[in-house]
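>>> sequence-free structure coming up:
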């Protein structure tokens, strides 16, 4: 996975601003004048989630769990503490639980009521995760949802759907792909996609890295 | 509340729209809306549960036709108004017309990393023993409160099994409405898909939902 191509300007250059653009601009100006917010803090918040907190964090947790049985055990027992060992703590990751895929079990995470998501390990949720189509169907027809993500599982695989209704945040530990014996954690982490940690994808096949190179 | 946010099991929303290499933000205003929301949250003027309620109590038509950061923006405007931090006129004009109301704290740029890394835990001390044990069969309450709740409609009046005991957590139903944290035991409850969706649904589907003690009774 490459970093987001984010050099292109997102500013809409045209002079007519949409209603929501005006609304947000008015809000920021007003709250700044009132002294409730400090614009440099806003820049810092954006910068943090653009560059420091994202799915690479979770991928490192997964890769470590794949290679280090003691770490895996700690992670399954107390995910918040085990994830904190790697330095990932805080907002929207205060109470973490790791759930592991096996040959018989596939886990998938949703928040039907809003957009709860483990920010500390995955960053900010993608639009589809917050959207009505995913939130409505993930709990009732997960196989149909998975098919749209091009994931097909055997009929006898149990699908466990986790609806994040409280402040517990779930991280899916995907199955380690075959053909990765002896790989370093860094290299394994390249196989761990964001979607595989939500449960709407699987870890990449090792051959896909060669293709991308 | 039975608002538009309670989407589990609803039909007709069509396929999931996927985007390759999706950016965090699709426009500059989304970045600002995100950061303004977080920065105002950090002032401690309301709870996370209150902000969820502000969003879900938007009119359903607005909720379903707005992008997520638009929902956040509209929710934030409601919170600012209901907490007396701004006036309607100020929102309309986008400038200060009245003196600011004192707030607990203002998030500064150098505090951001620390505040994010700390987060805010919602587990609290145990004051009484848990009513249920793992393996207990429980039934979720049949209820339709107009206030904030985290028991989704699709999981009401349903029988499941206590699978995990998460400890005592802040209770959203009260905390969203200025009625205090009223911490309650939180459980991970396992439901069979067919017990929720009926006998013709996927027999290999199981659901796990985190539910507070006041939502549950022992199943008979």
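Now that the structure is in, tell me what you want to look at. Only a predicted model underlies this, so the values are computations on that prediction, with no experimental measurement involved.
>>> switch to C-alpha atoms for all contacts and neighbour counts from now on
Will do.
>>> Domain map for chain A?
A:24-51, A:55-212 (automatic domain parsing).
>>> Please work out the average pLDDT along the first one.
When the per-residue pLDDT values of domain A:24-51 are averaged, the result is 98.
>>> ok, it near chain B or not?
Yes: applying Cα under 8 Å from any Cα of the partner chain, one finds that domain A:24-51 is in contact with chain B at A:24-30, A:33-38, A:40-46, A:48, A:50.
>>> Okay, buried residues for that domain please.
By neighbour count on 16 or more other Cα atoms under 10 Å in any protein chain shown, the buried set for domain A:24-51 is A:24-39, A:41-46, A:48-50.
>>> Out of the residues you listed, name the ones that lie in helices.
Counting by DSSP state H, the part of the buried residues of domain A:24-51 found in helices is A:24-34, A:39, A:41-46, A:48-50.
>>> And the helices in chain A?
Using DSSP H, the helices of chain A run over A:19-34, A:39-51, A:55-67, A:69-77, A:79-85, A:119-122, A:127-130, A:132-137, A:142-148, A:185-189, A:194-198, A:206-212.
>>> Report the angle between the second one and helix A:19-34.
Regarding helix A:39-51 and helix A:19-34, their directions subtend 130 degrees when assessed with axes from the mean of the first three to the mean of the last three Cα atoms, to 10 degrees.
>>> And the pLDDT at residue 10?
Picked chain A for this. 48.
>>> that's the wrong chain, I meant chain B
At residue B:10, pLDDT is 98.
>>> Tell me where the model's unsure across chain A.
A:1-15, A:211-213 (pLDDT under 70).
>>> now for it, which residue lies nearest the mean position of the chain?
Computing the C-alpha centroid of chain A and ranking residues by Cα atoms, centre = their mean puts residue A:122 first, at 3.1 Å.
>>> List the contacts of the closest residue to it other than its chain neighbours.
Excluding its sequence neighbours, the residue lying closest to residue A:122 (Cα to Cα, 6 or more residues apart in numbering or on different chains) is residue A:55, at 3.9 Å. Shown in contact with residue A:55 (Cα atoms under 8 Å, 6 or more residues apart in numbering or on different chains): A:121, A:122, A:123, A:193, A:194.
>>> swap in residue A:40?
Under the criterion of Cα under 8 Å, 6+ apart, the contact list for residue A:40 reads B:108, B:109.
>>> One more pass at 7 Å, please.
residue B:109 (Cα atoms under 7 Å, 6 or more residues apart in numbering or on different chains).
>>> swap in residue B:172?
B:49, B:148, B:149.
>>> Nearest residue to the last one in space, please, no chain neighbours.
Excluding its sequence neighbours, the residue lying closest to residue B:149 (Cα to Cα, 6+ apart) is residue B:173, at 4.9 Å.
>>> what's the distance between that neighbour and chain A?
Noted for residue B:173: a distance of 11 Å to chain A, by Cα to the nearest Cα, to the nearest Å.
>>> any idea which element that residue lies in?
helix B:172-175 (DSSP states H and E).
>>> Show me the contact partners of the next helix or strand after that helix.
Per DSSP H and E, helix B:172-175 leads on to strand B:184-192 as the next helix or strand towards the C-terminus. Applying Cα under 7 Å, 6+ apart, the contact partners of strand B:184-192 are B:130, B:159-171, B:205-213.
>>> Can you sort out which of the residues you listed also neighbour chain A?
Subset of those in contact with chain A: B:205, B:206, B:207, B:208, B:209, B:210, counting by Cα under 7 Å from any Cα of the partner chain.
>>> what helix or strand is the residue of chain B positioned farthest from its centre on?
Taking Cα atoms, centre = their mean, the residue of chain B most remote from its mean C-alpha position is residue B:97, at 32.3 Å. Counting by DSSP H and E, residue B:97 is held by no secondary-structure element, helix or strand.
>>> Nice, that's everything, thank you.
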